[in-house]
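In: Mind folding the following:
(4 chains)
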Protein chains: 2
Amino acid sequence: MNGLYEHKDYGSLSDKVYRFLRNAIAEGRYQTGDCLVEMKIAEELGVSRTPVREALKQLELEDLVTSHPNRGVVVKGFSIEDLQDVSTIRHLLEGQAAFWAAQRVTDEQLKELREVVELMEFYTAKNDISHLVALDTRFHELIYEASGSRTIRHILASLHHNIRKARQSSLTLPDRAPNSLAEHLSIFQAIERRDAQAAKEHMEAHVAIAAGNRMSE
Amino acid sequence: MNGLYEHKDYGSLSDKVYRFLRNAIAEGRYQTGDCLVEMKIAEELGVSRTPVREALKQLELEDLVTSHPNRGVVVKGFSIEDLQDVSTIRHLLEGQAAFWAAQRVTDEQLKELREVVELMEFYTAKNDISHLVALDTRFHELIYEASGSRTIRHILASLHHNIRKARQSSLTLPDRAPNSLAEHLSIFQAIERRDAQAAKEHMEAHVAIAAGNRMSE
DNA sequence: ACACAAGTGTTTGTATACAAATATACAATG
DNA sequence: CATTGTATATTTGTATACAAACACTTGTGT
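Out: Coordinates of the predicted model:
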């Protein structure tokens, strides 16, 4: 079901530590500036330092922590400005992804997209937000994939967690869901008729609405 | 001198292994599909598996290799399409970076930019390509920094190696250097007078010219 | 009292040892 | 002959041990 983002086996200890730390930072349990000591985390989770180091490395490459050589890693966290910047970057990249998707989508991918949109209609009628969030994610992932660009997939995947948060808070706004559905439908139809420019514009509008817009154009 | 991209202490073994592997992939010594075995690399470089694992992790997060859990990592490499996609993405992101830089640049950063441009004039007159490549990199780094967006800095840093390659091959084209200098000057002047829209447009033109353009607009 | 150096403790960086998972070769069985 | 099960070898995942780097305290000399 969830084709993308299963970076690796979710049973591995490294990944458990990684997810633990990511959540802890997201929930504010570790604050900006806090020093993350490998040994303490290892003891807290009952594992050795090795998987902790791997998790920290991953967090570093995702820019959630900074590593000072021989001196440990400190939490970076995200400011409001950072989150706004991310939504602007999403605007740019998701628009381009939709553009490429319209040019490069396969019939198989088109079929999958259609199914997702139909499911969205179903759950919107039932006002089932949690299913809609999952479908929303799936919809966008399919477009990344259809874009055929490894790089854009990779970048958007690394922004995934921020994006997911934005999606959730957006869809829970009153009456947002029906409009969101209409926007998804427009994007899908533009891709279906291979209209790259329209796909891009609909996607940009969709992303801009979903996040409090603050663009350069 | 090189403020950005010094991810960590360049004396650490992890980083030596990382740079070795990155070069080996770039130079085609490891081909797409090749299986990278930790022990072999460790022996080849005379280190233990630990720094090799860290290096592989970094390569994985930079999307140069894929890791199959319990089965090792294989080289991904880059296709022509990938490289073209990267230049399109650069177009989008560097334009946005210049836009933000014009809005947020500090006097100190402006001074540094001016110095770089002046040095560029000097070395362009002497037709010293290698110094120009370094200054080109520095110029763009300063703009990423001035953009004040951690995320855009982070993404462009992860594309850094691809970008560097593009820059080098671009500047070695005959008579490219003087034009490149004029473009840099335009970008700098737009930022200096805090004209965000102009900065963005000049930067987009610059990136588009430097790479064989193939944009959506 | 203050500056500075040696020593101590903590923490990271690296090496190595061991366990778990997977691939491979080969034999047994239908 | 194909298939399946098992033993073996290779390789990754994890734990632990040790070395190097750094922060901090303490003691000494001026």
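In: shaky segments in chain A?
Out: A:1-10, A:165-168, A:171, A:174, A:210-217 (pLDDT under 70).
In: How about the residues of it by chain B?
Out: A:8-9, A:12, A:53-54, A:57-58, A:61-63, A:67, A:69-70, A:76, A:81-82, A:85-86, A:88-89, A:92-93, A:96, A:99-100, A:148-152, A:154-155, A:158-159, A:196-197, A:200, A:216 (C-beta under 8 Å from any C-beta of the partner chain). C-beta coordinates here come from the backbone N, C-alpha and C atoms, glycine included.
In: Type out the ChimeraX command that picks the buried ones from those residues.
Out: Under the burial definition 16 or more other C-beta atoms under 10 Å in any protein chain shown, those of those that qualify are selected in ChimeraX by:
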select /A:53,54,57,58,61,62,63,67,76,82,85,86,88,89,92,93,96,99,100,148,149,150,151,152,154,155,158,159,196,200
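In: If we check DNA strand D, which of the residues of chain A next to chain B are in contact?
Out: A:8, A:12, A:54, A:69, A:70 (C-beta under 7 Å from any atom of the strand).
In: which residues of chain A fall in helices?
Out: A:13-26, A:38-45, A:49-61, A:80-104, A:107-126, A:129-147, A:150-158, A:160-171, A:176-192, A:196-210 (DSSP state H).
In: closest to DNA strand C out of these?
Out: helix A:38-45 (3.7 Å; C-beta to the nearest atom of the strand).
In: which other helices and strands contact that closest one?
Out: The contact analysis (3 or more C-beta pairs under 8 Å, 6 or more residues apart in numbering or on different chains; DSSP states H and E) places helix A:38-45 against helix A:13-26, helix A:49-61.
In: deepest of those, which one?
Out: For those, the largest average neighbour count (mean count of other C-beta atoms under 10 Å in any protein chain shown) is found in helix A:49-61, namely a mean of 20.
In: give the contact list for residue A:77.
Out: A:25, A:31, A:32, A:64 (C-beta atoms under 8 Å, 6 or more residues apart in numbering or on different chains).
In: I'd like the distance from the residue nearest to the third one when sequence neighbours are not counted to residue B:145, if you could.
Out: Same thing as residue A:32. Of all residues not flanking residue A:32 in the chain, residue A:77 sits nearest, at 3.6 Å (C-beta to C-beta, 6 or more residues apart in numbering or on different chains). Note on residue A:77: its distance to residue B:145, by C-beta to C-beta, to the nearest Å, is 19 Å.
In: same thing with residue A:172?
Out: Residue A:172 is 36 Å from residue B:145, by C-beta to C-beta.
In: Tell me which of these two has more neighbours.
Out: residue B:145 (19 against 13; other C-beta atoms under 10 Å in any protein chain shown).
In: follow-up on the earlier one: columns distance to residue B:45 on top of the helices and strands packed on helix A:38-45, output as a markdown table?
Out: Output for the helices and strands packed on helix A:38-45, formatted as a markdown table (distance: least, C-beta to C-beta, whole Å):
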| stretch | distance to residue B:45 |
| --- | --- |
| helix A:13-26 | 23 |
| helix A:49-61 | 19 |
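In: Looking at these, which is nearest to residue A:179?
Out: helix A:13-26 (27.4 Å; C-beta to C-beta).
In: right, is that closest one up against DNA strand D?
Out: Yes - contact of helix A:13-26 with DNA strand D (C-beta under 7 Å from any atom of the strand) involves A:13, A:14.
In: now that helix, how far from the centre of its chain.
Out: 16 Å (C-alpha atoms, centre = their mean, to the nearest Å).
In: Could you do stretch A:66-84 as well?
Out: Worked out by C-alpha atoms, centre = their mean, stretch A:66-84 lies 19 Å from the chain centre.
In: re earlier: in TSV, list the helices of chain A along with distance to residue B:180.
Out: Shown next, in TSV, are these (distance: least, C-beta to C-beta, whole Å):
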stretch	distance to residue B:180
helix A:13-26	41
helix A:38-45	46
helix A:49-61	31
helix A:80-104	24
helix A:107-126	40
helix A:129-147	30
helix A:150-158	24
helix A:160-171	35
helix A:176-192	37
helix A:196-210	29
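In: I'd like those helices laid out as a markdown table, including distance to DNA strand C.
Out: Listed next are those as a markdown table, based on distance: least, C-beta to the nearest atom of the strand, whole Å:
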| stretch | distance to DNA strand C |
| --- | --- |
| helix A:13-26 | 11 |
| helix A:38-45 | 4 |
| helix A:49-61 | 6 |
| helix A:80-104 | 24 |
| helix A:107-126 | 26 |
| helix A:129-147 | 24 |
| helix A:150-158 | 22 |
| helix A:160-171 | 23 |
| helix A:176-192 | 36 |
| helix A:196-210 | 38 |
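In: among those helices, which is nearest residue B:110?
Out: Here helix A:80-104 is closest among the helices of chain A (C-beta to C-beta), at 20.4 Å.
In: Name the nearest residue to residue A:200, ignoring sequence neighbours.
Out: Per C-beta to C-beta, 6+ apart, closest to residue A:200 is residue A:99, 4.1 Å.
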